[in-house]
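Undergrad: After the sequence you'll find the predicted model.
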Amino acid sequence: MSYCLTTQTPVGLIAIHGGLSITKITWAARPTINNTAELRKGRDQVTAYFAGTLRRFDLCLKPSGTKFQQAVWNRVLLIPYGTTSTYGEVAKKLRTSARAVGRACATNPIPLLIPCHRVLSKNGALTGYSGGGGLQTKEYLLTFEQNSTMHST
């Protein structure tokens, strides 16, 4: 059974989906409260992230995807808060192409928690984002993380 809990964020109303684990994040049109302990933990950590007090999520994530997509998403989880990588750098670690990494990022069902917003093109351009608001949201998240990193040092 899948549950859903929404929370308001600076990038819109997001819905955290799942049960014993988090399986998906979507941008929602209206609030929903139908939750589990893991979803409440997810909401609390998302709130702390946007408050600038949390830099690494500690949640049980179970995104649905192929073995390759899972490998890309697991690699993206290693990109530290406030930093970026390129599709090519991620691809090199996985011995695949930058285009394949881009396709996997585009299908990321748990944007924000799996931080594909930290992956850029080789020239630093923003090239897509699976979360609500697309590139505008990606740009906001990158700026938010870089600004909070600068203010905490």
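TA: Perfect, thanks for sending it.
Undergrad: which residues sit against the host helix or strand of Tyr140?
TA: Using DSSP states H and E, Tyr140 sits in helix 135-152. Defining contact as CB atoms under 8 Å, 6 or more residues apart in numbering, one finds that helix 135-152 is touched by 10-12, 50, 52, 81-82, 84, 112, 115, 117-118, 126, 128-129, 131, 133. Using the backbone N, CA and C atoms, a C-beta is placed for each residue, glycine as well.
Undergrad: please redo it, this time with the cut-off set to 7 Å
TA: By CB atoms under 7 Å, 6 or more residues apart in numbering, the residues outside helix 135-152 that reach it are Pro10, Val11, Gly52, Tyr81, Gly82, Thr84, His117, Leu126, Gly128, Tyr129, Gly131.
Undergrad: Going by neighbour count, list what's buried in it.
TA: Under the neighbour-count criterion of 16 or more other CB atoms under 10 Å, helix 135-152 has Thr137, Lys138, Tyr140, Leu141, Leu142, Phe144, Glu145, Ser148 buried.
Undergrad: How about the contacts made by the nearest residue to the second one once chain neighbours are set aside?
TA: Closest residue to Lys138 in three dimensions, ignoring its sequence neighbours and counting by CB to CB, 6 or more residues apart in numbering: Tyr129, at 3.7 Å. When the contact criterion is CB under 7 Å, 6+ apart, the partners of Tyr129 are Pro111, Cys116, His117, Leu135, Thr137, Lys138.
Undergrad: ok, now Thr36?
TA: Residues in contact with Thr36 (CB under 7 Å, 6+ apart) are Tyr3, Gly19, Leu20.
Undergrad: now do 8 Å
TA: So Thr36 contacts Tyr3, Gly18, Gly19, Leu20 (CB under 8 Å, 6+ apart).
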